[in-house]
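J.: 3D model of this:
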Amino acid sequence: MTKSEMAAALNEKSAWLPGKRVKIDFGPEGTVMLDGQANRVTEEDGAADTTIKVAWSDWEALASGQLDGMTAFMQGKLKVEGDMSNAMQLQGVLSKLKS
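T.: Got it, this is the predicted structure:
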């Protein structure tokens, strides 16, 4: 799945946190904004309540279940800036991607 396909799938499944803006920053591959204020998922960059920094390859491992979110965080593969409670809800976002 490409980043654009992922963003479209998350948008279709309303995979955002109501009232919160969570940015997933994949570095050179760009960003995905889970915008719970505008109720949409885009590939736009911008200000966010929480920014999750993760390499695209690590994100794919997280999404497939090969890598656990807490393990990724402890190994430094996933970094969180801002409101940590939003990041803790990332598992719910991933489950919407699988359904």
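J.: phi, psi of the closest residue in space to Lys13 that isn't next to it in sequence?
T.: Nearest residue to Lys13 in three dimensions, chain neighbours excluded: Lys96, at 4.4 Å (Cβ to Cβ, 6 or more residues apart in numbering). Bear in mind the C-beta positions are built from the backbone N, C-alpha and C, glycine included. The phi and psi values for Lys96, taken as degrees, to the nearest 10, are phi -70, psi -30.
J.: Contact partners for Lys96?
T.: By Cβ atoms under 8 Å, 6 or more residues apart in numbering, the contact set of Lys96 is 10, 13-15.
J.: Try it again at 7 Å.
T.: Listed by Cβ atoms under 7 Å, 6 or more residues apart in numbering, the contact partners of Lys96 are 10, 13, 15.
J.: quick one, what contacts Ala63?
T.: Neighbour list for Ala63: 94, 97 [criterion: Cβ under 7 Å, 6+ apart].
J.: For the chain, which segments count as strands?
T.: Secondary structure of the chain (DSSP state E): strands at 21-25, 31-35, 40-42, 50-54, 78-82.
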